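Engineer: Generate a structure from the sequence data that follows.
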Amino acid sequence: MLLHYWWGVRCRNSKSGFVVDYPSEPNGGSANCRRMSLNQGGCLCGAVRYAANSTPVRVTYCHCKFCQRATGSAYLVEPIFQKTHFAIISGKPATYAQASEGSGKRVTINFCSTCGTKLFLDLERFPETVGVYGGTFDDPNWFERTPQVSRHIFLDSALNGTVIPAGFRTFREHAWLNDGTPVEPVIFGQPHAIGSKHLGNLGHPGTLVLPS
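Structural biologist: Predicted coordinates for the structure are as follows:
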């Protein structure tokens, strides 16, 4: 994976001591370190560190079997960033690539070769973005997870008992078809447990809001 590295001004995080280079601003001026919102994360052993200098484009809760197996949990909390706002700041991740069963496009896991921590995904289908394993941020709660910026995908694969919050856009599979056509979401009007009697309603076309 070719990551973007910021150049133009060098900023040192006072807490961690990590140094990050930012780009010059479009008007030719230098970026101001004090105006940068730098959020860092990394692996268990500390060999690989990364940073993001923007809020996520969106936050995806992915319930597909790939993410279940990769995380060893019910789903992946995946904040999505533009690659121009994400960088490796120390170490070098190892990679493992596999074709998506749905799109056939390559999904590359970037992980620490020493401790095995999975850090982020490089998606061939979305080449301008990177999907971070949200729990690897130093502060995993720094980014918002509101219904306006979040979605739950691949509910057909979600584990029984998983609770989907009310008001969030949800999708039986991906939010887009392979040709890029957006899929109409389903929005539950109350918290919904996967495997409950209402799950069959996900088959109805269009946007569905279940009554509270």
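
Engineer: how about residue 83, phi and psi?
Structural biologist: Phi and psi for residue 83, reported as degrees, to the nearest 10, are phi -60, psi -30.

Engineer: What pLDDT is listed against it?
Structural biologist: What the model reports for residue 83 is a pLDDT of 96.

Engineer: Lowest average confidence across helices and strands of this structure, where is it?
Structural biologist: Of all the helices and strands that make up the chain, strand 9-12 has the lowest average by mean pLDDT, DSSP states H and E, namely a mean of 47.

Engineer: Residue 129 contacts residue 121, correct?
Structural biologist: No: with contact defined as Cβ atoms under 8 Å, residue 129 and residue 121 do not form a contacting pair (9.4 Å). All C-beta atoms are positioned from the backbone trio N, CA, C, and that covers glycine.

Engineer: how about low-confidence regions in the chain?
Structural biologist: Under the criterion pLDDT under 70, the flagged ranges of the chain are 1-37, 197-212.

Engineer: can you map out the helices along it?
Structural biologist: In the chain, helices defined by DSSP state H lie at 65-71, listed in chain order.

Engineer: how does it divide into domains?
Structural biologist: 9-136, 150-203 (automatic domain parsing).

Engineer: Next up, the contacts around residue 113.
Structural biologist: The neighbourhood of residue 113, defined by Cβ atoms under 8 Å, 6 or more residues apart in numbering, consists of 93, 94.

Engineer: if we go to 7 Å?
Structural biologist: Residue 113 makes contacts with residue 94, as judged by Cβ atoms under 7 Å, 6 or more residues apart in numbering.

Engineer: That one and residue 45, how far apart?
Structural biologist: Using Cβ to Cβ, to the nearest Å, residue 113 is found at 10 Å from residue 45.

Engineer: ok, residue 129 and residue 121, which is more surrounded?
Structural biologist: When residue 129 is set against residue 121 and neighbours are counted by other Cβ atoms under 10 Å, the residue ahead is residue 121, at 23 against 19.

Engineer: The more buried one and residue 109 touch, don't they?
Structural biologist: Yes: contact criterion Cβ atoms under 7 Å: residue 121 and residue 109 qualify, at 6.1 Å.

Engineer: okay, now the closest residue to residue 96 other than its chain neighbours: neighbour count?
Structural biologist: Counting by Cβ to Cβ, 6 or more residues apart in numbering, the nearest residue to residue 96 once its immediate chain neighbours are dropped is residue 109, at 4.8 Å. Residue 109: 18 surrounding residues under other Cβ under 10 Å.

Engineer: go on, residue 173?
Structural biologist: Using other Cβ under 10 Å as the criterion, the residues surrounding residue 173 number 15.

Engineer: Could I get the domains of the chain in TSV, plus columns for distance to residue 144?
Structural biologist: Output for the domains of the chain, formatted as TSV (distance: least, Cβ to Cβ, whole Å):
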stretch	distance to residue 144
domain 9-136	7
domain 150-203	8
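
Engineer: That concludes my questions; thank you for your assistance.
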